[in-house]
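Asks: predicted coordinates and the sequence they were generated for:
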Amino acid sequence: MKKILYFLVILIIIAPIHLIEAQNSQGNKYKTNEIRDLALIYQGGVQRIDWTPDQFVPYVTHQFADGTKDWLFDGFLFLEFADGKGYNYAYGYAKKQARKIEWEWLLDRLFEKGKALDALNQCIENEKKNIGKPSFKHQVILGLAIPLPKQKDWGSINGDSLDFNLQSDQVKAAQWYIDQLMTRFKKAKYKNLELAGFYWVDEDIATCKDLPKYVSRYIHSKKKEFVWIPYWKAKGYEQWKDLGFDIAYQQPNHFFTKDIPDSRLDEACELALSNGMAMEFECDSKALYDCEDSSYDRMLAYIEAFEKHKVFETSAIAYYTGSKGFIDMYNSTSPEDKKIMDRLARHIITRRNIKALTK
């Protein structure tokens, strides 16, 4: 009897390890890293919500239908494409390219008291009083403003005016911004947050070519990781390692267009697996069961595809939820919305426990 119990215990312990090491017939694996579940937080531009402590609650914790509550995402990516006032931080989102003054404005927004990073830190502290201290440290990835080529009016560093037609000047600007982010983050002394790395906001390499490769060298010299989330079959997506990224998440881009069949999700999972990438989960407020022209079934299709392809067991996952998808789900009174969020949250919490077993 003791021998039987012994072998049962061993099987329970090693089973999750086999799940983490799952691979296809070619030996390919999904990409994993320290952050298992990364929530995308669109913050900064005047078109965004404020991101106060209360607004972070549905991303920091989840309360199940039975009343139990647990920690949810272990990672948060703060990113912005445009300031909402006419300037962009990546190609194609506004008419004018952001200058140093707009970069500094975005920094101020990110480190504003009571909002953004500070609000996330406060939210975690508040939730600790309700459910106790988490067994992990919440990780943060910060988006970079992109030094776009052809720009000559960005501004100067140490008295030297930069010309983004020169890749060396693009790199200087990126390094300056990384230094600003790291200095301000350190000065803020967030009790509940740890800076893990930086995110390249451009979702392809059509504009900036191989610039990420040179920016990555500086990021790695600072002992931080470099993250990318290219859109579906974006130019350069299969070159993510050569471009210097530590992890790249595959966007299926299925949720937003109802003409795209669910088979796109199968294809995306296989494409990520064959390229050693992680996966992105996509939904937004249109996933609400009772909203007009609801895409609830498309969010459900992601969950089922990720279950089918063992993404939940074997891959790091980034979560696009629009501007406030989980907030709207949290405030919904529909039992169907509660049901789907419980199902997704259960996967996220289970994944965290698997990670602890395989450290």
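Replies: Looks like it came in fine.
Asks: burial measure for the residue nearest to Lys96 when sequence neighbours are not counted, as a count.
Replies: Leaving out its chain neighbours, the residue that sits closest to Lys96 by C-beta to C-beta, 6 or more residues apart in numbering is Tyr87, at 5.0 Å. Where C-beta positions appear, they are placed from N, C-alpha and C, glycine not excepted. Neighbouring residues of Tyr87 were enumerated by other C-beta atoms under 10 Å; the total is 21.
Asks: measure Tyr87 to Leu144 for me?
Replies: 15 Å (C-beta to C-beta, to the nearest Å).
Asks: again, but for Gly236
Replies: Taken as C-beta to C-beta, the span from Gly236 to Leu144 is 17 Å.
Asks: ok, Arg217 next?
Replies: 14 Å.
Asks: ok, the two, which is more surrounded?
Replies: Between Arg217 and Leu144, counted using other C-beta under 10 Å, the more crowded position is Leu144 (23 against 13).
Asks: distance of the more buried one relative to Lys115?
Replies: Separation of Leu144 from Lys115 (C-beta to C-beta): 20 Å.
Asks: kindly export stretch 207-221 (C-alpha atoms) in CSV.
Replies: What follows is stretch 207-221 as a C-alpha-only set of coordinates in CSV (Å, rounded to 0.1, in the frame of the first residue of the first chain):
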residue,chain,number,x,y,z
THR,A,207,9.3,50.7,-40.7
CYS,A,208,12.2,50.3,-38.2
LYS,A,209,13.8,47.2,-39.9
ASP,A,210,16.4,45.7,-37.6
LEU,A,211,16.5,48.5,-35.1
PRO,A,212,15.2,46.3,-32.2
LYS,A,213,18.4,44.2,-32.5
TYR,A,214,20.5,47.2,-31.4
VAL,A,215,18.1,48.3,-28.8
SER,A,216,18.0,44.8,-27.3
ARG,A,217,21.7,45.0,-26.6
TYR,A,218,21.2,47.9,-24.2
ILE,A,219,18.2,46.3,-22.6
HIS,A,220,20.2,43.1,-22.0
SER,A,221,23.1,45.1,-20.5
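Asks: mean confidence score for it?
Replies: For stretch 207-221, the mean pLDDT works out to 98.
Asks: residue boundaries of the helices in the stretch 201-350 of the chain?
Replies: Counting by DSSP state H, counting those that start in this stretch, the stretch 201-350 of the chain has helices at residues 211-221, 263-274, 296-308, 311-314, 325-331, 335-357.
Asks: other residues contacting the last one?
Replies: Around helix 335-357, the neighbours that count as contacts under C-beta atoms under 8 Å, 6 or more residues apart in numbering are 13, 16-17, 19-20, 36-37, 62, 64-65, 70-74, 135-136, 287-290, 296, 299-300, 303, 306-307, 312-313, 317, 326, 329-330, 332.
Asks: same question, the third one
Replies: Outside helix 296-308, the residues within contact range by C-beta under 8 Å, 6+ apart are 252, 254-255, 258, 262, 265-266, 269, 279, 281-283, 287-289, 311-312, 317, 336-337, 340, 343-344, 347.
Asks: and stretch 106-114, end to end?
Replies: Stretch 106-114 has an end-to-end distance of 15 Å (C-alpha to C-alpha, to the nearest Å).
Asks: centre of the chain versus it, how much separation?
Replies: In terms of C-alpha atoms, centre = their mean, to the nearest Å, the centre of stretch 106-114 is found 19 Å from the chain centre.
Asks: again, but for stretch 192-199
Replies: Relative to the chain's own centre, stretch 192-199 is displaced by 11 Å; criterion: C-alpha atoms, centre = their mean.
Asks: ok, for Leu211, nearest residue in space, not its chain neighbours?
Replies: Per C-beta to C-beta, 6+ apart, closest to Leu211 is Gln170, 5.8 Å.
Asks: what about the one you found, which SS state?
Replies: helix (DSSP: H, G, I helix; E, B strand; the rest coil).
Asks: okay, it and Gly84: tell me how far apart.
Replies: 24 Å.
Asks: so between those two, which is more surrounded?
Replies: Gln170 (23 against 14).
Asks: quick check: that one vs Arg352, distance?
Replies: For Gln170, the distance to Arg352 - C-beta to C-beta - is 38 Å.
Asks: over to Asn192?
Replies: 16 Å.
Asks: and what of Tyr59?
Replies: With C-beta to C-beta as the criterion, Tyr59 and Arg352 are 14 Å apart.
Asks: between the two, tell me which one has more neighbours.
Replies: Tyr59 (23 against 19).
Asks: OK, contacts around the more buried one?
Replies: So Tyr59 contacts Ala39, Ile41, Leu72, Phe73, Phe76, Phe326 (C-beta under 8 Å, 6+ apart).
Asks: gap between the helix or strand harbouring it and the chain center?
Replies: Assigning secondary structure by DSSP states H and E places Tyr59 in helix 53-60. Distance, stretch centre to chain centre, for helix 53-60: 16 Å (C-alpha atoms, centre = their mean).
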